[in-house]
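A.B. asks: Sequence first, predicted model second:
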Amino acid sequence: MNLPLKTGAVRTREKTDFRLMIARLEKRILDGTDEEKTRSILMNEEAWKRLEPELLLHWASLCQMTGCLDTADKVYTKIHRLAPSLETAWERHMEMADLLGQKPRLVKLMEESRRALPPDIHAALAKRFATTGQTPSAERDMDRAARPFEQLRTHQTLIDHFMHMFAGRQDCFARQWVDKASGKQGYVPVRHPMRHQDLDAHFKGYETCGIYLIQPDDTVRLAVIDADLSKKIREADTLKKSMPAIRKESQWMTSRILDISREAGLKPCVEISGGKGFHYWYFFSENIAAGQAKALLQGITGRLAGDLEHFNLEVFPKQDHLTGQGFGNLVKLPLGVHRKTGKRSWFAECPDRDVEAQLVWFSRVAQEKPGWLKEKAGPSGAVVTLHPRFTALSEKWPELATLSSACPPLGRLITACFSGAALSSSEQQVLYQTLGFLPQAGRNLHAVFGAAQDYNPHLVDLKISRLRGTALGCRRIHSILGYTGDICPFPSKSRYPTPLLHLGIDVTKTGNRSEKIESLKGALDNLRAAMEQVERFIP
């Protein structure tokens, strides 16, 4: 849309028109072009009186940058009237008054804000500005006056980096739509390159954008593993009951994806999608074939997809090449609001969910050099480990690392413990009755339970000393934890499957089992195992 910047009356327009106008004014200010015309537009009340508080806050900053301080004062005053609890507006207004040495104005603002802000926030502002405005140095005045410029330049730099990393198809992108009445949602193509103002609207929640991954030449600059909750789990009652198990599985799933990726020299960026699960983003510094990226990620998901109960894994791009009948695969961009759920997505490794803080954190994420792809992905797409990067778990406790990766039920419990999560008594029982029969049982159990807030080393030693019999079998573990996955197909002849077989430990050679017989098949398996033990003593 080509919106002219005129000093005359401004007709009523959509919010997106005003954002476009503000974006153009920003560019003029940063470029230092048409300064008088820009000031004239900023001072025209008809141009800003219909704006919402968040856009007014942006307008006031632009006024300060161009020296339109009287207009900035009016704009801030209007914000206080429309959104009296907007702390940022009070803070910037007070800072401007303090910078200009307007002590009476600062005192008046402080008194007005007392009625609008929570006591703790008001007290913090009062403390901050009580020590300023006295005899500030010229150097400090210059720093504060330049702050709006620096904030704007920093924000644009962060957006530039975001656009560079999420480099999908360059000639178009998409906007998400939702019909909450029918529960339907989808995306509509936008047939022009993504701009700064589009991303700003995305970050502020006005709209939600997605990108098409595959370029016209059938290459990609990024790929993603999408982990969504399965449909049968999403119903409200089922979801509520399954939440403890879902949390443990999500922790284990993320840990496994990161570990497998590290083995291949990759470090994906983890995003909480705001919808039904997680996105694991992989960024490449050069374009690579879509089919190659797809095979690489399928090699990663193939190593754990069959062990997941609550999540379904999907790889994007799904296609090897474009068919000519559309734009190809589309993925929602991070840090936007999911139009159906109303939830914002965020990068999991950044503790601050504020969008600006998330962008600052993401600015340190780097792209991967694609030169190693042919070496690390074979014809089947399986990842070949050339330079393993072992995690702390595999370095310090190799037995725990092996069990965590090979046995999904145990892996979830071990990952949950190292994440500081609390376990139920039955989950603790499973860990004691399996890890307690390792050669270094004490070391491994203290490592697992040591991350808990209520860790009691003496209690752990006591429970270890009371262990009798042998390790729990797989069927019993599945029954206790409610795990519905398949039992691992061990190559061993042992008819008593237990997770310790992953470490080469056969409990049928060490003593009685602690498996309960719950079916005729279980009784027959026990009988066969007993006969095998007897046969070893028959000459």
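C.D. replies: Ah, there it is.

A.B. asks: Would you map out the domains in the chain?
C.D. replies: The chain breaks down by automatic domain parsing into domains covering 15-160, 161-376, 397-535.

A.B. asks: can I get the ones you listed in a markdown table with mean pLDDT and mean neighbour count?
C.D. replies: C-beta coordinates here come from the backbone N, C-alpha and C atoms, glycine included. Below are the domains of the chain laid out as a markdown table (pLDDT from 0 to 100; neighbours: other C-beta atoms under 10 Å):
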| stretch | mean pLDDT | mean neighbour count |
| --- | --- | --- |
| domain 15-160 | 81 | 16 |
| domain 161-376 | 85 | 18 |
| domain 397-535 | 76 | 17 |
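
A.B. asks: so where's the longest strand in the protein?
C.D. replies: If you go by DSSP state E, the chain has its longest strand at strand 277-289.

A.B. asks: just checking, what packs against it?
C.D. replies: Packing partners of strand 277-289 (3 or more C-beta pairs under 8 Å, 6 or more residues apart in numbering; DSSP states H and E): strand 219-229, helix 236-263, strand 269-272, helix 290-301.

A.B. asks: Quick one: name whatever helix or strand follows the last one.
C.D. replies: Using DSSP states H and E, the next helix or strand after helix 290-301 towards the C-terminus is strand 311-316.

A.B. asks: Sheet partners, orientation included, of that next one?
C.D. replies: Taking DSSP bridges as the criterion, strand 311-316 forms sheet pairs with strand 219-229 (antiparallel).

A.B. asks: Please report how far the residue most central in space within the chain lies from Q358.
C.D. replies: For the chain, the residue nearest the mean C-alpha position is E271 (2.1 Å; C-alpha atoms, centre = their mean). Using C-beta to C-beta, to the nearest Å, we find E271 at a distance of 10 Å from Q358.

A.B. asks: Common neighbours of these two, please.
C.D. replies: 334, 346-347 (C-beta atoms under 8 Å, 6 or more residues apart in numbering).

A.B. asks: got TSV for the residues you listed, with secondary structure and distance to K37 too?
C.D. replies: Converted to TSV, the shared contacts of E271 and Q358 look like this (DSSP: H, G, I helix; E, B strand; the rest coil; distance: C-beta to C-beta, whole Å):
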residue	secondary structure	distance to K37
P334	coil	37
W346	strand	39
F347	strand	40
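
A.B. asks: Would you mind giving these as a markdown table with distance to D73 added?
C.D. replies: Shown next, in a markdown table, are the shared contacts of E271 and Q358 (distance: C-beta to C-beta, whole Å):
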| residue | distance to D73 |
| --- | --- |
| P334 | 37 |
| W346 | 35 |
| F347 | 37 |
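
A.B. asks: got the contact list for the strand or helix carrying D120?
C.D. replies: D120 belongs to helix 119-130 when assigned by DSSP H and E. The contact list for helix 119-130, computed with C-beta under 8 Å, 6+ apart, reads 87, 90-91, 94-95, 98, 106, 110, 113-114, 117.

A.B. asks: can you do 7 Å?
C.D. replies: Contact with helix 119-130 is made by 87, 90-91, 94, 98, 106, 110, 113-114, as judged by C-beta atoms under 7 Å, 6 or more residues apart in numbering.
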